[in-house]
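A.B. asks: return a 3D structure for these sequence lines:
(chains A and B)
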Amino acid sequence: MPESVHESLVDDLVGGLAPVRRLSPPAWRAAAWLAAVLAVAAILMPMADMDGLRMRLATPDLRIAALCAGLTAITAALAAFMTSVPGRSLRWGLLPLVPAAFWVSASGLGCLRGWLAPGTTPADGHAMEGCFAFLVGVSLPLSVLLVVMLRRACPLHPNLTAALGGLAAAAAAATLLVPFHPHDATATDLLIHAATVLGVIGLNGIFGGRLLGGGPDAGVRARND
Amino acid sequence: MFLSAVGPAPTLRVRSPGGAVALGSGTRRGDRAAMALEDSLATAMAAAQAGDAAAYRRLLNACLPVIAGIARAQGVRGEAVDDVVQDTLLTIHKARASYDPARPFLPWLRAITQRRAIDRLRRAGRRPQEVHDPLAYEAHADAGPAPNTRIEADERNAALARAVAALPDGQRQAVEQLAYAERSLEEAAALTGRSKGALKVNLHRALKALRGTLARDKEGGDA
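C.D. replies: Sure, this is the predicted structure:
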């Protein structure tokens, strides 16, 4: 192959070289994002229903669902940052699947308990609207922060990274919702949670894929032309 | 380690900053050379991250044959290899902050190159290939006249001939001499023995009659 055809591009790239600040390891950046989630939790905590939280966490399936939602947020964030760096294994994408499966299963058990135990309090429409608004309102800023952090690494598989980021943001929002959840889980409740979470993941996949992706030339070829 | 980094080719020669190096032969000498190349590329990339232009140029030039080798191993052929090399160089530039000098350089480069090679192959696969597309070949419009053009023209001529034959003698002669034969008024007057004025009047009346007859025929045909 004649290497001369690439000489002008090499000249342009060398001419446009500027020192760059090396990115921190993916695990550190995931930890930084999770710290932002904790900061949001700290802001919201004074408004939490702590007595209700203690009662709900006494129920095994709600406790497991909350724990697994938190674990899903942590593992999905780590996987998103890992897959955003060239050369890292895409198998990191499998990491959040196990806690996500337990999260969904435990929430499903909550529904069954709601059907089998007649004394439980079902959620009314107003409470569900509140849950929906909470999930979207918390997911959105966390997703934006995640996209900004992820795009610095130039993900080669933007759709996968964006989907993992969406799962992390949705799971983090669901975890933060636990202290504010005014009722036990029901089928409708799980459905609206699932729809919201899938919506957040889908939107991240659509917009994050475009925001994160881009070909090799974004911002480079335009300057060289 | 290096073999897996550059693809399945049994032997691959890359030009390192120190000269040509044979890789993948499995010999101790080849392994040492590969390790030396790996180290030199990682060092050059670390220097490029700090803004060292000379190191960056050495790095990119050393990467050119490696990228081309990986692209070919992915199934990219011909001029598309050059496209993959260019796309990969641009991505290296854009993603250079993501390289961690504590990790080997070639897996980072291989991941970028393989991705750009797959992008290129997908784009090539989406292009229309009409030569191998029997449906497109069958559906391609012929530039010549449609099959029924001649039949319709024959039908129109026959209808006109019937309408002309049905005209009174004076009008028919005027049409035949002035329109069909394209003779001048003087020639037509000499041949038919009629005055030029009579020929003009007969032609005018004939055209009016023909217009009416053919319009009626058309309406009847459409109905």
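
A.B. asks: name the SS class of residue A:178, please.
C.D. replies: helix (DSSP: H, G, I helix; E, B strand; the rest coil).

A.B. asks: which residues touch the nearest residue to it once chain neighbours are set aside?
C.D. replies: Leaving aside its sequence neighbours, residue A:178 sits nearest to residue A:66 (CB to CB, 6 or more residues apart in numbering or on different chains; 4.6 Å). To be clear about C-beta, it is placed using only N, CA and C from the backbone, and glycine gets the same treatment. By CB atoms under 8 Å, 6 or more residues apart in numbering or on different chains, the contact list for residue A:66 reads A:57, A:175, A:178.

A.B. asks: buried ones only from these, please, as a PyMOL command.
C.D. replies: Here is the PyMOL selection string for the buried members of the contacts of residue A:66, based on 16 or more other CB atoms under 10 Å in any protein chain shown:
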select buried, chain A and resi 175+178
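
A.B. asks: what values do phi and psi take at the residue in chain B sticking out farthest from the centre?
C.D. replies: Computed with CA atoms, centre = their mean, the residue of chain B farthest from its C-alpha average is residue B:193, at 66.5 Å. Per-residue torsions, residue B:193: phi 80, psi 10 (degrees, to the nearest 10).

A.B. asks: next one: residue B:168
C.D. replies: According to degrees, to the nearest 10, residue B:168 has phi -60, psi 160.

A.B. asks: that one: neighbour count?
C.D. replies: As a burial measure, residue B:168 scores 12 neighbours (other CB atoms under 10 Å in any protein chain shown).

A.B. asks: again with residue A:95
C.D. replies: 18.

A.B. asks: identify the residues contacting it.
C.D. replies: A:75, A:76, A:78, A:79.

A.B. asks: same question for residue A:20.
C.D. replies: Shown in contact with residue A:20 (CB under 8 Å, 6+ apart): B:49, B:96, B:97.

A.B. asks: and the helix of greatest length in chain B, what does it pack onto?
C.D. replies: Assignment by DSSP state H gives helix B:196-222 as the longest helix of chain B. With contacts defined as 3 or more CB pairs under 8 Å, 6 or more residues apart in numbering or on different chains; DSSP states H and E, helix B:196-222 has these neighbours: helix B:149-165, helix B:169-174, helix B:185-192.

A.B. asks: show the pLDDT at residue A:163.
C.D. replies: At residue A:163, the pLDDT value in this model is 86.

A.B. asks: residue A:201 is in contact with that one, correct?
C.D. replies: Yes: counting by CB atoms under 8 Å, residue A:201 is a contact partner of residue A:163 at 5.8 Å.

A.B. asks: got the residues of chain B near chain A?
C.D. replies: B:48-51, B:53, B:56-57, B:60-61, B:64-65, B:68, B:81-82, B:85-91, B:93-101, B:103, B:107-112, B:115-116, B:119 (CB under 8 Å from any CB of the partner chain).

A.B. asks: for chain B, what spans make up the helices?
C.D. replies: Going by DSSP H, chain B shows helices at B:2-6, B:28-49, B:53-73, B:80-95, B:105-126, B:134-139, B:149-165, B:169-174, B:185-192, B:196-222.

A.B. asks: dump those to a markdown table, plus mean neighbour count and mean pLDDT.
C.D. replies: A markdown table is the format used below for the helices of chain B (neighbours: other CB atoms under 10 Å in any protein chain shown; pLDDT from 0 to 100):
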| stretch | mean neighbour count | mean pLDDT |
| --- | --- | --- |
| helix B:2-6 | 18 | 37 |
| helix B:28-49 | 18 | 83 |
| helix B:53-73 | 21 | 93 |
| helix B:80-95 | 23 | 93 |
| helix B:105-126 | 19 | 90 |
| helix B:134-139 | 9 | 71 |
| helix B:149-165 | 12 | 85 |
| helix B:169-174 | 18 | 90 |
| helix B:185-192 | 15 | 88 |
| helix B:196-222 | 14 | 84 |
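
A.B. asks: could you save the ones you listed as a markdown table and add columns showing distance to residue A:152?
C.D. replies: What follows is these, written out as a markdown table (distance: least, CB to CB, whole Å):
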| stretch | distance to residue A:152 |
| --- | --- |
| helix B:2-6 | 25 |
| helix B:28-49 | 14 |
| helix B:53-73 | 20 |
| helix B:80-95 | 10 |
| helix B:105-126 | 16 |
| helix B:134-139 | 45 |
| helix B:149-165 | 66 |
| helix B:169-174 | 91 |
| helix B:185-192 | 91 |
| helix B:196-222 | 72 |
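
A.B. asks: and residue A:90, which of those is closest to it?
C.D. replies: helix B:105-126 (9.4 Å; CB to CB).

A.B. asks: which helices and strands sit right next to the closest one?
C.D. replies: Partner elements for helix B:105-126 (3+ CB pairs under 8 Å, 6+ apart): helix B:2-6, helix B:28-49, helix B:53-73, helix B:80-95.

A.B. asks: re earlier: return the member of the contacts of residue A:20 nearest to residue A:12.
C.D. replies: residue B:96 (14.5 Å).

A.B. asks: relative to residue A:6, how far out is the closest one?
C.D. replies: 17 Å (CB to CB, to the nearest Å).

A.B. asks: and the residue sitting nearest the centre point of chain A, helix, strand or coil?
C.D. replies: The centroid of chain A falls nearest to residue A:168 when counting by CA atoms, centre = their mean (2.0 Å). Three-state assignment for residue A:168 (three-state DSSP): helix.

A.B. asks: let me see the contact set for it.
C.D. replies: With CB under 8 Å, 6+ apart, residue A:168 has these contacts: A:33, A:72, A:73, A:76, A:77, A:80, A:96, A:142, A:146.

A.B. asks: excluding chain neighbours, give the residue nearest to the fifth one in space.
C.D. replies: When the adjacent residues along the chain are set aside, residue A:77 lies closest to residue A:168, with 4.0 Å between them (CB to CB, 6+ apart).

A.B. asks: okay, the one you found: pLDDT?
C.D. replies: So, for residue A:168, pLDDT stands at 91.

A.B. asks: how is chain B carved up into domains?
C.D. replies: Domain ranges of chain B: B:2-127, B:149-222, per automatic domain parsing.

A.B. asks: tell me the helices and strands packed up against whichever strand or helix holds residue A:134.
C.D. replies: Using DSSP states H and E, residue A:134 sits within helix A:125-150. Contacts defined by 3+ CB pairs under 8 Å, 6+ apart place helix A:125-150 against helix A:26-44, helix A:60-83, helix A:158-177, helix A:187-203, helix A:209-212.
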